[in-house]
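# My questions concern the predicted model and sequence given below.
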Amino acid sequence: MVWGFLFLIAAGTLLLSLPISVRPGGDNGLLTALFTTTSALCVVGLVVVDTGTNWSTFGHVVILLMIMVGGMGFMAAATLILVLAGKRIGLRQRLLIQESLGQPRAGGVVSLIIQGVAIALAVECLCALVLAARFIPDFGWGHGLWMSIFHSISAFNNAGFDLFGDFRSLTAYTDDVLISLVIAVSVLFGGLGFIVLVELCTGRSLRKLSLHSKVVLATTAILLALSVPFIFLVEYSHSFAHLSGAGKAVASFFQAVTARSAGFSTTPTGDLHPATLFFTIGLMFIGGGPSSVAGGIKVTTFAILVLLVWSLFRGRSDVDVARRRIPHHLVVKAVSLALIIGFLIMLVAAILCITEEADPLTILFEATSAVGIVGLSMGLTPYLSPVGKLLIIVCMFIGRLGPLTVALALTYHHKKYRLRYPEEQVLFG
């Protein structure tokens, strides 16, 4: 997977470096092309040049293809190509797909990908049709239809790329209920993950859903239930002061959804209250569902950490949920992943504090957005130094593949230790 992503990044960088990819007077230098390709393939949305005005139609098509491949994942995209070509998927390929999707078994992974891609296309087509009702009157038939298709794919894949120009994202549609809800719902669906979407769309009742789907749906609902009122109350008389009551509610919902994975914004991120920005950093750290286009530590990891703390308060050694026990190795993996990503964000923020001229909150926000592959920015990205751009590129790459995946890929020898040392207590508190 690591080498596959690196190959695609190299290919996308080469294509965006071509003169046909950029508008007259635009910037398609090697570093700009590399940054844009990595951001698109890792479905982040951070950009150093404005997507709508810098790149030509050919460049937009290249970016959109990178978003689609990155959203599916390298292994899923390769599997789909082999299936369409009539090739047989062997056991080795199935095991790789199983690992990339985080599935417990290799059986059924190919059908899972096919069903997931079919659902993704259906949601994207429906989203594009609804967006066309707004964009065609605004931009005309040809350009309006292209805008609808581009933004529907960008939304479902949680990419956050837009073509409106001047780094505006969706700020021109802040009080447009239809646009805001359609984009937010599409982002939400894309952040749930293939497994949850397939189970929901195949007609399973809530009781018959797998434990994984129940945890993802429950945690997502709880995060939204906490986030929307918080943002609504904090921004009521601040950045949402000019909106109607319904507009404030919709803007709060949109911000709560997009903060966890998407990178779209209907309100300029820099205009938000510092309390909302800190809260958004927490949401970006958590991210979306496993096997999805979202980043972060994932909602299941966050749920396991919360359940672990709750179990300790109750004096229990097992982590239980819905009358099921979470395996110990998954609890250890959740703690490890949270620590790795947290440490990575702190390290990146510390380096950016040296290389960039910005306040600590802006830098912490940028670092979390890059590692969590969210794409929200307080305006620092276009002004990053070359060192800062390269650092953010590495962060986006690691954030998309996952720190544990990258660490395992770089580990050539795995030793099994049979020696166990005697126990000794250490003090806490």
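Great, that's in hand.
# Please count neighbours and contacts with C-alpha atoms only from this point.
Fine.
# Val234 and Val387, how far apart?
According to Cα to Cα, to the nearest Å, Val234 stands 35 Å off from Val387.
# typo on my end, it should be Gly372
Taking Cα to Cα, one finds Gly372 at 20 Å from Val387.
# So for these two, which sits in the more crowded spot?
Gly372 (32 against 13; other Cα atoms under 10 Å).
# How about residues contacting the one helix or strand Leu364 maps to?
Element membership of Leu364, judged by DSSP states H and E, is helix 360-371. For helix 360-371, the external contacting residues (Cα atoms under 8 Å, 6 or more residues apart in numbering) are 44, 46, 277, 281, 284-285, 295-296, 341, 344-346, 348-349, 352-353, 375-378, 380-381, 392, 395-396, 398-400.
# Derive a PyMOL selection command for the buried subset of the residues you listed.
Buried residues among the contacts of helix 360-371 (16 or more other Cα atoms under 10 Å), as a PyMOL selection:
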select buried, resi 44+46+277+281+284+285+295+296+341+344+345+348+349+352+353+375+376+377+378+380+381+392+395+396+398+399+400
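# Just to be sure, which of the contacts of helix 360-371 are found in helices?
277, 281, 284-285, 341, 344-346, 348-349, 352-353, 392, 395-396, 398-400 (DSSP state H).
# how long is stretch 233-246 end to end?
With Cα to Cα, one end of stretch 233-246 sits 13 Å from the other.
# Could you do stretch 19-36 as well?
OK, stretch 19-36 end separation, Cα to Cα: 15 Å.
# Quick check: buried residues in it?
Neighbour-count burial for stretch 19-36 [16+ other Cα under 10 Å]: 21-23, 27-28, 31-36.
# got a list of what the most centrally placed residue in the chain touches?
Centroid check for the chain by Cα atoms, centre = their mean gives Ala294 as the closest residue, at 2.7 Å. When contacts are counted by Cα under 8 Å, 6+ apart, Ala294 touches 158, 190-191, 260-262, 287-288, 372-374.
# and what of Val198?
Per Cα under 8 Å, 6+ apart, neighbours of Val198: 112, 115-116, 119.
# What about these, which one has the most neighbours?
Gly116 (22 neighbours).
# so who does that residue touch?
Neighbouring residues of Gly116 by Cα under 8 Å, 6+ apart: 194-195, 197-198.
# Show me the helices in the stretch 1-150 of the chain, by range?
2-16, 30-41, 51-54, 57-72, 74-84, 91-101, 109-139, 141-156 (DSSP state H, counting those that start in this stretch).
# which one of the ones you listed is the most hemmed in?
Greatest average neighbour count among these goes to helix 30-41 (a mean of 25), per mean count of other Cα atoms under 10 Å.
# From the chain's centroid, how far away is it?
Relative to the centre of its chain, helix 30-41 is centred 16 Å away, using Cα atoms, centre = their mean, to the nearest Å.
# Check stretch 176-188 too.
Counting by Cα atoms, centre = their mean, stretch 176-188 comes out at 16 Å from the chain centroid.
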